[in-house]
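In: Sequence and computational prediction follow.
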Amino acid sequence: MIKLIFTATVAALIIGGQSVAHAQDSSRANWGGLYGGGHVGYGFGFPTTAIEASEFERVWDLNPDVPPPAAFPAANSGLQAQDGEFDGTVATDLTGVVGGIHIGYNFQVSNIVFGVEGAYNWGRLSNTVSQAIPEPEVEVNPAASAASQARSQAIIDALNAGTTAFEGDPEFDLKSSLGDIKSVKGRIGIASGNFLLYGVGGVAWTNYRASVTSPDSFSGGLTSGTFSWGENVNGWVAGGGIEFKLTNNLSLRAEALHYDFGQVGFGGEDINVDNIQTFLGSQDLSINELTVGASYHFN
């Protein structure tokens, strides 16, 4: 819906601007001076999270509904609980509605307009993704007793033959979000009639938060845990837009921006948060933003 509004606004600006330009082709709007206003829109991004290593304790067990191998009784099922591990890339798309205020100052030399603008965007771009944990590989412990080794080998043989299976489908939830975004941008554009076509570039700041929630364990008194992390991040912003003056003091605009806050590392080994033993990786933070807005010019 926001994308549709953005497209319709751009079309309206172009059609309206052409009409006024034909009627006032001998005049050029004055863009110089102080201005301020508000904007609303939609933010979206497709950052990825690279998980280098993770370990969740005892999240796999043998299914009690599947007959176990004869080498061990069903009553021992809880003792077969296995740790779950995952490493790989997870798509953590970020989306959300944004709104904010902006204030700036323009200089104008002939049809060249340049200046600086600061903006504050409220809103939270967030996403929660569930990632399945692969089935573990059961191995024989060479240091175990002969009886334990025989029991482990019986489990392996039964799993390979399909006569027993693991229970459940454990997965962890990975949540990430970006908070309010602040930016300071340089702006330069070309004025034509009541139109201003411009580009921007500058610096931006925001707050990054993320967490991982593990599945429940089968034994040992361990429960699902949540490990959280976050930090303030900074990066760059670039984009452009089109602005149209309705009157000498009031203008409408449509703008597209790209933010890049770089890569954030997280986690570590030996976390020991409930049944989360290890969670280590990094996340790329880049988003796009489409907004429409209005400004009042104090000229």
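Out: It's in.

In: so Ala147, which of the three states?
Out: Of the three states, Ala147 takes helix under DSSP: H, G, I helix; E, B strand; the rest coil.

In: dump the residue contacts of it.
Out: Residues near Ala147 by CB atoms under 8 Å, 6 or more residues apart in numbering: none. Where C-beta positions appear, they are placed from N, C-alpha and C, glycine not excepted.

In: Ramachandran angles for the closest residue to Ser192 other than its chain neighbours?
Out: Computed as CB to CB, 6 or more residues apart in numbering, the closest residue to Ser192 that is not its neighbour in sequence is Asn111, at 6.6 Å. Main-chain dihedrals, Asn111, degrees, to the nearest 10: phi -100, psi 10.

In: Would you mind giving the secondary structure of Ser130?
Out: On the basis of three-state DSSP, Ser130 is classed as strand.

In: Quick check: phi and psi on Pro142?
Out: phi -70, psi -20.

In: mind listing what it touches?
Out: So Pro142 contacts Gln149 (CB under 8 Å, 6+ apart).

In: Quick check: buried residues in stretch 195-215?
Out: For stretch 195-215, a neighbour-count test (16 or more other CB atoms under 10 Å) marks 195-196, 198, 200, 202, 204, 206, 208, 210-215 as buried.

In: just stretch 102-116 next, same as before
Out: Here stretch 102-116 shows His102, Gly104, Tyr105, Asn106, Gln108, Val113, Phe114, Gly115 as buried, counting by 16+ other CB under 10 Å.

In: For the second one, give its distance to Asp93.
Out: For Gly104, the distance to Asp93 (CB to CB, to the nearest Å) stands at 31 Å.

In: In the stretch 51-200 of the chain, what residue spans correspond to strands?
Out: 82-85, 88-91, 94-109, 112-122, 125-132, 166-167, 171-178, 181-192, 195-213 (DSSP state E, counting those that start in this stretch).

In: what element comes up after the least confident helix or strand in the chain by mean pLDDT heading to the C-terminus?
Out: Lowest on mean pLDDT, DSSP states H and E among the helices and strands of the chain sits helix 2-23, with a mean of 43. Following helix 2-23 in sequence order, the next helix or strand is strand 33-45 (DSSP states H and E).

In: Distance from the chain centre to that next one, please.
Out: 20 Å (CA atoms, centre = their mean, to the nearest Å).

In: Quick one: list the elements packing against that strand.
Out: helix 2-23, strand 94-109, strand 125-132, strand 250-268, strand 276-297 (3 or more CB pairs under 8 Å, 6 or more residues apart in numbering; DSSP states H and E).

In: what is the most centrally placed residue in the chain paired to in the beta sheet?
Out: Centroid-nearest residue in the chain, with CA atoms, centre = their mean: Leu94, separated by 3.4 Å. Taking DSSP bridges as the rule, Leu94 bridges to Gly45.

In: and it, what pLDDT?
Out: The model reports Leu94 with a pLDDT of 93.

In: Please name the nearest non-neighbouring residue to Gly179.
Out: Asn207 is the one closest to Gly179 (CB to CB, 6+ apart), at 3.8 Å.

In: My guess is that neighbour contacts Leu178. True?
Out: Yes - if you go by CB atoms under 8 Å, Asn207 and Leu178 touch, sitting 7.1 Å apart.

In: ok so, going back, any chance of the strands of the stretch 51-200 of the chain in TSV, with distance to Ser148 too?
Out: Below are the strands of the stretch 51-200 of the chain laid out as TSV (distance: least, CB to CB, whole Å):
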stretch	distance to Ser148
strand 82-85	15
strand 88-91	32
strand 94-109	48
strand 112-122	59
strand 125-132	29
strand 166-167	19
strand 171-178	30
strand 181-192	56
strand 195-213	33
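
In: Show me where the chain dips below the pLDDT cut-off.
Out: Counting by pLDDT under 70, the chain shows low-confidence ranges at 1-27, 64-80, 220.
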